[in-house]
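Asker: Here's a sequence, model it:
(one chain, ligands or ions: 1)
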Amino acid sequence: MRLLFISTPVGAFGSGVGGGVELTVENVAKELMLRSHTVHLAACVGSQSQAIPLITIPGEVHSFAQNQTRTDPVSFPNNSVLANLWSYAREMQDSYDLIVNFAYDWLPFYLTPFFDTPIAHFVSMGSLLDSIDRAIAQVVQQYPDRIGVYTQTQADTFDRPFPMGSQFRLLGSGIDLDLYEFQPTSAARLAWVARISPEKGLEDAAAVSEATGLEIDVLGKMQDREYWEQVQQDFPKAKLNYLGFHPTEKLQELMGACQALLMTPKWVEAFGNVAIEALACGVPIVSYARGGPVEIIKHGKTGYLVEPDNVRALCDAVTAVPRINRIVCRREAEAEYSLTALGDRFEQWFIDILA
Ligand code: HBI
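Answerer: Numbers count the residues shown, from 1 in each chain. The predicted structure follows:
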């Protein structure tokens, strides 16, 4: 297949501004190219990729959808890079069998019926904006097989103007397992890995540390320092070791040495790539039963799912972690979250659309 991937308009691809969806684009494109499909990626000027042939398009970047309010009108900057990306896609569409949109923005969904070449959409977050929910609903009504997401919990957040999550294609996620080393034993300490930001619920991890006396290695971008200070004040006896943000090679080494990964999401995590990174290192996961972790963790087998916001239950699960067999966690990552498994799911989706 000849595939044109269109990136997010929030920043240059490869800069990390696009967060988890950048990893998804890179991994899926690499896997499909290995299977002799042609993949080109159209993205903002300044984008970089070792593996994927890039077309860079000029224009102003868009603001983050998660920073807008649900009823905000659709807005475009003066010389929108998103508009320029889709003008390019329209001109070049005859050279491709399928166009795949990775932007969480209104325009690509709206343009779907205007193109001759079919457009598939990978939606990388839960429902955030009425304008996008409505545009997705229009796509689903006309082309039921064109919306892909990470998880069913993420899909189920799209319930207006009507429940449409059951029609979405579930694609899960995947990582390059060769980058993650299985560690059979661990120290008696926990890992908490996420951007330091309120939606990630660090305060509940601090509460666990105070209640159990366990040390917690905290890894992730210091996105909200005020919030960090507040947690320190509210939980003076918590033993939180802030180790900063680290790329995969160092992250997996630090996290892999821990007894368990603690996940305390306050929002509906669309997926939670860190959970499969932990499994790949043999690290069990203790998480609130909220969002993506619900579909990743096999309760009692690869970790524990706990009643959301119940810190007491979180502590009980943490003390039960030694019962989990760490090799089972690694095997689960190999079976479900390898690049091969991810590539199979995306390739089958595209074949089904073109059939
Ligand atoms: N916001 N407007 C907009 N468009 C995107 O494509 C986008 C975003 N916010 C976050 C984001 N993409 C990605 O970081 C997440 O989907 C992972």
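
Asker: Isn't Val21 up against Thr8?
Answerer: Yes. Counting by C-beta atoms under 8 Å, Val21 sits close enough to Thr8 to count as a contact (6.1 Å). Using the backbone N, CA and C atoms, a C-beta is placed for each residue, glycine as well.

Asker: ok, these two, which is more surrounded?
Answerer: Counted by other C-beta atoms under 10 Å, Val21 and Thr8 do not tie: Thr8 has more neighbours, with 28 against 21.

Asker: my read: the more buried one touches Phe102, true?
Answerer: Yes. Proximity of Thr8 to Phe102 meets the contact threshold set by C-beta under 8 Å, at 5.9 Å.

Asker: residues bridging contact with the two, i.e. touching both?
Answerer: Residues touching both Thr8 and Phe102 comprise Val21, Ser124, with contact defined as C-beta atoms under 8 Å, 6 or more residues apart in numbering.

Asker: Any buried residues in the helix or strand Thr24 falls within, and which?
Answerer: According to DSSP states H and E, Thr24 maps onto helix 20-34. By neighbour count with 16 or more other C-beta atoms under 10 Å, helix 20-34 contains the buried residues 20-33.

Asker: what's the lowest-pLDDT member of the residues you listed?
Answerer: pLDDT across these is at its lowest for Gly20, which sits at 77.

Asker: residues contacting it?
Answerer: If a contact means C-beta under 8 Å, 6+ apart, then Gly20 has Ser124, Ser173, Ala270, Phe271, Asn273 as its contacts.

Asker: The second one should be in a strand, yeah?
Answerer: No. Under DSSP: H, G, I helix; E, B strand; the rest coil, Ser173 sits outside any strand and is assigned coil.

Asker: Pretty sure Gln223 sits against Ala194.
Answerer: No. Look at Gln223 against Ala194 with C-beta under 8 Å: they stay out of range, at 9.3 Å.

Asker: which of these two has more neighbours?
Answerer: Ala194 (22 against 14).

Asker: Model confidence at that one, what's the number?
Answerer: As predicted, Ala194 sits at a pLDDT of 93.

Asker: residues near the residue in the stretch 201-350 of the chain that the ligand sits nearest to, how many?
Answerer: The nearest approach of the stretch 201-350 of the chain to the ligand comes at Ala270, 7.2 Å away (C-beta to the nearest ligand atom). By the criterion of other C-beta under 10 Å, Ala270 has 22 neighbours.

Asker: Next, it: secondary structure please.
Answerer: Here Ala270 takes the coil state, with states given by three-state DSSP.

Asker: what sits against it?
Answerer: Shown in contact with Ala270 (C-beta under 8 Å, 6+ apart): Gly20, Ser124, Met125, Gly126, Val149, Tyr150, Thr151, Gln154, Gly291, Gly292.

Asker: Of these, which belong to strands?
Answerer: Secondary structure assignment (DSSP state E) places Val149 from the contacts of Ala270 within strands.

Asker: most neighbours, which of the contacts of Ala270?
Answerer: Ranked by neighbours (other C-beta under 10 Å), the contacts of Ala270 are led by Tyr150, which has 29 neighbours.

Asker: just checking, that residue touches Phe168?
Answerer: No. The criterion here is C-beta under 8 Å, and Tyr150 misses it with Phe168 at 9.8 Å.

Asker: Tell me which stretches of this structure form helices.
Answerer: Counting by DSSP state H, the chain has these helices, from start to end: 20-34, 81-92, 106-111, 130-142, 152-156, 202-212, 225-234, 248-256, 273-281, 293-296, 311-320, 326-336, 339-354.

Asker: right, so those helices: which one is the most enclosed?
Answerer: Among those, judged by mean count of other C-beta atoms under 10 Å, the one packed with the most neighbours on average is helix 273-281 (a mean of 26).

Asker: what about that one and the ligand, touching?
Answerer: No. Shown here: helix 273-281 not in contact with the ligand (C-beta under 6 Å from any ligand atom), separated by at least 9.6 Å.

Asker: Just give me how far that helix sits from the chain centre.
Answerer: Helix 273-281 has its average C-alpha position 12 Å from the chain's average C-alpha position, going by C-alpha atoms, centre = their mean, to the nearest Å.

Asker: Return the alpha-carbon coordinates of it using CSV.
Answerer: Coordinates of each C-alpha in helix 273-281 appear next as CSV, following Å, rounded to 0.1, in the frame of the first residue of the first chain:
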residue,chain,number,x,y,z
ASN,A,273,2.4,3.8,27.2
VAL,A,274,4.3,3.8,30.5
ALA,A,275,2.3,0.7,31.5
ILE,A,276,3.5,-1.4,28.6
GLU,A,277,7.1,-0.1,29.1
ALA,A,278,6.9,-1.4,32.7
LEU,A,279,5.6,-4.8,31.6
ALA,A,280,8.5,-5.0,29.1
CYS,A,281,10.9,-4.7,32.1
